[in-house]
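Novice: sequence unknown, structure follows:
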């Protein structure tokens, strides 16, 4: 096993190189560059000024030269300075990470908390009213776009009832500190997290339910029941673990999702998150930030995959690499 | 005594002769139609398809035709009728439901009902096309990776990781600009986008399939298959993959709905279906403008309900199919 | 063993989940200080409730609230966090700058320059060499202080000039393009070696900057480099398929140079040199087929050299501690705005490490601005900028102790204000929002402000060279119903491509191209198109026009285009509408890949349109070149008399309309919405325009 992990890690590094080349080419293929984007509405810009700005931003280098200069800096830990924020990329990511992580982390936790028990319940009571209701609600969650729920929830709770704030991360008018600040942040996070959970719980629930159905019709479950074990033990001790196998591997894939942020929900609720920042970077042509951020996500993806694979082997003794 | 034995024998013979032997396919169909929800789902899809395929022929209006209204007389004038340039003319935006426009007009002055019909064509097609592409590629690759393991598995999974690392939105922006540079006509853009989405999604499918196969590969019936020396392709195709069916069906039905949603998100970001064509996704987009959300429910609720019903229907069908295919189901 | 593995698995999963959520949950309370000004993360004041401790005080002490509310919350657009008057690129960042810095002069409600913290005036002066110079005298008030207590002197103003003029300046200001005496020398004091040697000529004997050997080596290398340069051009022409390989004379002919048959690459190069009169730099820049002349020479010639050590700009002179002069070589109608409508930035704070070519020290202060304006920067966190009143403000301490600017998404602005979370905001104007506000008149009130820009449809004159076709297309644009339906009184159709808020706009301009499909067909026919089999054809090709529209584009344009598509279809032609993201549309327009496009201009403060319509203009996307128009545009820049200028502007706009390259669609209003429950509405300015709003009187604004 250890050998396997080491081998995988080495390959990860190779893959990262490949991915960095791919990302760099993609970042440069996005139409328009930063200089032309910011000078677009300004009637007084002359071509010489544009050229000078291009040089200042390092946008006049060719593709290959630019890549190697980026690579050289990156290997020293310098991921460049964001064009848009004029700060080092690493700092920008660090600044907006907490909010994104908080939102995504809490949402995923809640999603799993809801999906697993409800999925199991639905599977056990297959074809009953309970099953149909749970599945229907789960499906409603995943069949409408997130901005739909965001808009409807805002309408009901923020505008209609006025008990929750419309957008933003904190109430600007008052300077909360300490616990009160935490409470204010929490109040502002309720609606976005609700939107995330509604749209995310459905798929997990369906996975859990499908797997549970598979497991429940297996022979060993029949044996356990025949042995006279209480249903609670049959489910909790035997069926549950085998249901967990695919779920556990999904968790690995969720890691990059924690950091990539949810572009649309963040922009609707005016939250300062990595998703929003990344979208703006794409539109503005902020190449250093795009490279830095996407490499970060790529690295997380690779790590997530590795973790998933390891967990798979650990959890399912039948699996052998 | 002998009489009884012969009688029993006769009964048995008769019984055997009268037994109806069903093919596996017929078995599946029978089990499927016994599932009420699955039938409802199938019914909904058929109705939707008919509605969207044939409906437009019954509508007198075009997909993106705008309607003018004479502010002085209140009379509506159609786009192609001429005389629409006067200063008393206005565009008939956000008109309420009426006998002329059963669901009113939208924020650009177009008939909502007609657009739902045309939009359904796109939304339904997109789901099917993307899912078919991603399934074929994903299941094949995942199957090969899971079965062979070792180096093959390593290579394919690394490929999966590379695909997963590609940021979705920048890629879509690039595709949009490449399509423009290549001179693709607006009405065909959506098909290219469908292709790209299918190609991007195979990675996720492959991972899940491979995971399942890793577990199944070591089961006894696979060892038996190995012992009998069956061709590898047969082993993968006829033995492993059918047992992965539940997951595949699940992915297929969930992605049907998911793709419709992705299309609407792409429209929101401006890289989805071209203007002025309709899709349920871009019709639901308007829900972001709180004015329309509050006051013009007829513009966004119908396409939303259509999406909801379609996704529900696919999921019920998926459940039904999974139950029908499962040989271990006793019911 | 099995049990251990299972336990391990469960433990791992649980640990992972906990780790993920713990990381997430813990960071809520204390947000990182990454982007802050070095101040403490959160101020110590608690909620803004009862504080009836009397009036605001001047000087020294903190400002106290006059009523219940002590914080003004402004709902605005997204910040990038670059709060520097030099380097901002987002208008919302600049909003913050407006509150922190005072300006020498400012614009009044009509967009005219008036005094603020200082004064500017201009006079014509005859210089010693006989030319006329235009001297602007900039003076500032005495006794002003920055918020850290230092005095404000004219050195601070001059510091700003030098920052803008720095050769490494990469911000938005166009100060360094002004024709100020000595500015060009200061900015361009560095040149690549080959340009310097080439400019000095072969006969040069001044070897202070380069050696005689270098000069000799350069001129010896020129013929070979020139031949390669010419060869590259030939290859390029051959590759585009018009000419056979090896036929240099024909390639040169295609490039615009007549050569005899059998000419060589050297001959080609010499012909170019003759045309450019030995100006190798201009030659290399204009005739290039990809590489510059120096790319074919030794790379040492591409290095930068200092021509002369130019450390000061001769045209900027300090007169005394509160006055300076700026001398222009040519008249500039917006000269006073350029030299005086600038924020006063403290040199001792921003310029501590400043020297020519080194702006890093200035950039470090991007997130920690400090000035002499009505408010002082406190911190920036959670997309909220917090400012505190400056008791030493030269116009008197502001009445409101705290101002916060918060990012609110456009669609949420009105809802957030009605909820009471913000006090002033600027949502995009629409009829429904006005209805909503009028229905809650006890909670909100609003002002309509004319937007200093306009929407238009442009036509690329290179892709559609036939003026008749363009005129035909213009007659197919049905603007009036679209604009009135979508915006009602919030927008009106305009007839000339210029912002109507400018004083020089000809208000009585008549419609040039009314909506008339019959006339359009006539023009198409006049251009040579005929109807064949239901299609409009000319030379075997159907009339197909491509137009690009951004997804952020407004509805009126979409209705106009839908009508055009239908009309053209009826005639047998075709209009292909490409809708695209703005970041795709922009390069397509600037690169000339679209026949037509829909865009808008914003924020114009003067009537100089050379960049947009002049032949060499950087924003001349429609690629319409006319010497006559250039002449009129030049004349406008030099005409100081207002009435004269108006006539010239009218003339230039008519010429542009006649060329049928720009169809202005509409100009709309923006709106400012105010919270009637928290603000003292009488303290808002009497008249709010696109040039003047509550920010300019912020010190007198009061809350309830």
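Specialist: Here it is on my side, so go on. Keep in mind that this is a model prediction, so the values were computed, not measured.
Novice: just checking, next helix/strand downstream of the helix or strand of chain C with the lowest mean pLDDT?
Specialist: Least confident helix or strand of chain C, by mean pLDDT, DSSP states H and E, is helix C:2-26 with a mean of 43. Next helix or strand after helix C:2-26 toward the C-terminus (DSSP states H and E): strand C:71-76.
Novice: Check the gap between the residue in chain A positioned nearest to chain C and residue A:189 for me.
Specialist: Closest to chain C within chain A is residue A:105: 2.6 Å, counting by Cβ to the nearest Cβ. Bear in mind the C-beta positions are built from the backbone N, C-alpha and C, glycine included. Counting by Cβ to Cβ, to the nearest Å, the gap between residue A:105 and residue A:189 amounts to 11 Å.
Novice: again with residue B:171
Specialist: 30 Å.
Novice: same check, this time on residue C:249
Specialist: Distance, residue C:249 to residue A:189, using Cβ to Cβ: 74 Å.
Novice: need the contact list for the closest residue to chain A within the stretch 201-350 of chain C.
Specialist: Using Cβ to the nearest Cβ, the single residue of the stretch 201-350 of chain C nearest to chain A is residue C:334, 9.6 Å away. By Cβ atoms under 8 Å, 6 or more residues apart in numbering or on different chains, the contact list for residue C:334 reads C:605, C:606, C:608.
Novice: Domain-wise, how is the chain divided?
Specialist: I went with chain A, as the question did not name one. Domain assignment for chain A, taken from automatic domain parsing, gives A:2-74, A:90-320.
Novice: that's the wrong chain, I wanted chain B
Specialist: Split by automatic domain parsing, chain B gives B:62-110, B:116-324.
Novice: Of the ones you listed, give the one that comes closest to chain A.
Specialist: Short answer: domain B:116-324, nearest of these by Cβ to the nearest Cβ, at 3.5 Å.
Novice: Contact partners for residue C:408?
Specialist: Listed by Cβ under 8 Å, 6+ apart, the contact set of residue C:408 reads A:166, A:167, A:168, A:270, C:75, C:76, C:416, C:422, C:425.
Novice: what sits against the nearest residue to it once chain neighbours are set aside?
Specialist: Distances taken as Cβ to Cβ, 6 or more residues apart in numbering or on different chains put residue C:75 closest to residue C:408, at 3.8 Å, once the chain neighbours are dropped. Residue C:75 makes contact with C:406, C:407, C:408, C:413, C:416, C:417, C:422, C:424, C:425, C:426 under the criterion Cβ under 8 Å, 6+ apart.
Novice: Secondary structure for these - can I get that in JSON lines?
Specialist: Listed next are the contacts of residue C:75 as JSON lines, based on DSSP: H, G, I helix; E, B strand; the rest coil:
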{"residue": "C:406", "secondary structure": "strand"}
{"residue": "C:407", "secondary structure": "strand"}
{"residue": "C:408", "secondary structure": "coil"}
{"residue": "C:413", "secondary structure": "helix"}
{"residue": "C:416", "secondary structure": "helix"}
{"residue": "C:417", "secondary structure": "helix"}
{"residue": "C:422", "secondary structure": "coil"}
{"residue": "C:424", "secondary structure": "strand"}
{"residue": "C:425", "secondary structure": "strand"}
{"residue": "C:426", "secondary structure": "coil"}
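Novice: Save these as TSV, and put in distance to residue B:87 and pLDDT too.
Specialist: Conversion of these to TSV gives the following (distance: Cβ to Cβ, whole Å; pLDDT from 0 to 100):
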residue	distance to residue B:87	pLDDT
C:406	42	91
C:407	40	89
C:408	37	87
C:413	32	87
C:416	38	86
C:417	35	88
C:422	39	89
C:424	36	92
C:425	34	92
C:426	30	89
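Novice: could these be laid out in JSON lines, adding distance to residue A:209?
Specialist: Formatted as JSON lines, the contacts of residue C:75 follow (distance: Cβ to Cβ, whole Å):
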{"residue": "C:406", "distance to residue A:209": "43"}
{"residue": "C:407", "distance to residue A:209": "41"}
{"residue": "C:408", "distance to residue A:209": "40"}
{"residue": "C:413", "distance to residue A:209": "42"}
{"residue": "C:416", "distance to residue A:209": "40"}
{"residue": "C:417", "distance to residue A:209": "45"}
{"residue": "C:422", "distance to residue A:209": "45"}
{"residue": "C:424", "distance to residue A:209": "51"}
{"residue": "C:425", "distance to residue A:209": "46"}
{"residue": "C:426", "distance to residue A:209": "49"}
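Novice: for chain B, which spans come out with low pLDDT?
Specialist: B:1, B:24, B:327-331 (pLDDT under 70).
Novice: And the strands in it, which stretches?
Specialist: B:67-70, B:76-78, B:89-91 (DSSP state E).
Novice: looking at these, which is buried most?
Specialist: Mean neighbours per residue, mean count of other Cβ atoms under 10 Å in any protein chain shown, is largest over the strands of chain B for strand B:89-91, with a mean of 25.
Novice: Who are the contact partners of residue B:315?
Specialist: A:135, A:139, A:206, B:41, B:253, B:254, B:257 are the contacts of residue B:315 under Cβ under 8 Å, 6+ apart.
Novice: Please pick the buried ones from those residues.
Specialist: Buried by 16 or more other Cβ atoms under 10 Å in any protein chain shown: A:135, A:139, A:206, B:41, B:253, B:254, B:257, out of the contacts of residue B:315.
Novice: on that earlier part again, inside helices: which ones of the contacts of residue B:315?
Specialist: Among those, DSSP state H puts A:135, A:139, A:206, B:41, B:253, B:254, B:257 in helices.
Novice: Quick check: the first one touching residue A:209?
Specialist: This points to residue A:135. Yes. Here residue A:135 reaches residue A:209: they are 7.2 Å apart, a contact under Cβ atoms under 8 Å.
Novice: Poorly predicted segments of chain A, please.
Specialist: For chain A, the stretches with pLDDT under 70 are A:39-48, A:320-321.
Novice: Do a quick rundown of the helices in it.
Specialist: Going by DSSP H, chain A shows helices at A:2-29, A:34-38, A:47-57, A:63-75, A:89-124, A:129-143, A:146-153, A:178-216, A:219-227, A:231-233, A:240-260, A:263-268, A:274-284, A:287-315.
Novice: how about the shortest one: buried residues?
Specialist: In terms of neighbour count (16+ other Cβ under 10 Å), helix A:231-233 has no buried residues at all.
Novice: contacts for that helix?
Specialist: Outside helix A:231-233, the residues touching it (Cβ under 8 Å, 6+ apart) are A:224, A:225.
Novice: what's the answer for the second one, then?
Specialist: Residues external to helix A:34-38 that are found in contact with it (Cβ under 8 Å, 6+ apart): A:50, A:53-54, A:57, A:59, A:83-84, A:283-287, C:89, C:172, C:583, C:586-587, C:590.
Novice: Excluding chain neighbours, give the residue nearest to residue 165 in space.
Specialist: In the absence of a named chain, chain A is used. Counting by Cβ to Cβ, 6+ apart, residue A:165 lies nearest to residue A:188, which is 5.3 Å off, once chain neighbours are set aside.
Novice: not what I meant, chain C
Specialist: Among residues not flanking residue C:165 along the chain, residue C:176 sits closest, at 5.0 Å (Cβ to Cβ, 6+ apart).
Novice: quick one: contacts for the one you found?
Specialist: Taking Cβ under 8 Å, 6+ apart, one finds A:49, C:164, C:165, C:169, C:183, C:187 in contact with residue C:176.
Novice: and if you look at residue A:172?
Specialist: Neighbours of residue A:172 in contact, by Cβ under 8 Å, 6+ apart: C:71, C:73, C:384, C:404, C:406, C:421, C:422.
Novice: For the second one, report the pLDDT, please.
Specialist: In other words, residue C:73. pLDDT recorded at residue C:73 is 92.
Novice: What of residue C:368?
Specialist: So, for residue C:368, pLDDT stands at 90.
Novice: State the distance from it to residue A:35.
Specialist: Using Cβ to Cβ, one gets 26 Å for the distance from residue C:368 to residue A:35.
Novice: What count of nearby residues applies to the residue in the stretch 201-350 of chain C positioned nearest to chain B?
Specialist: Residue nearest to chain B within the stretch 201-350 of chain C: residue C:240 (17.7 Å; Cβ to the nearest Cβ). The local packing of residue C:240 (other Cβ atoms under 10 Å in any protein chain shown) involves 10 other residues.
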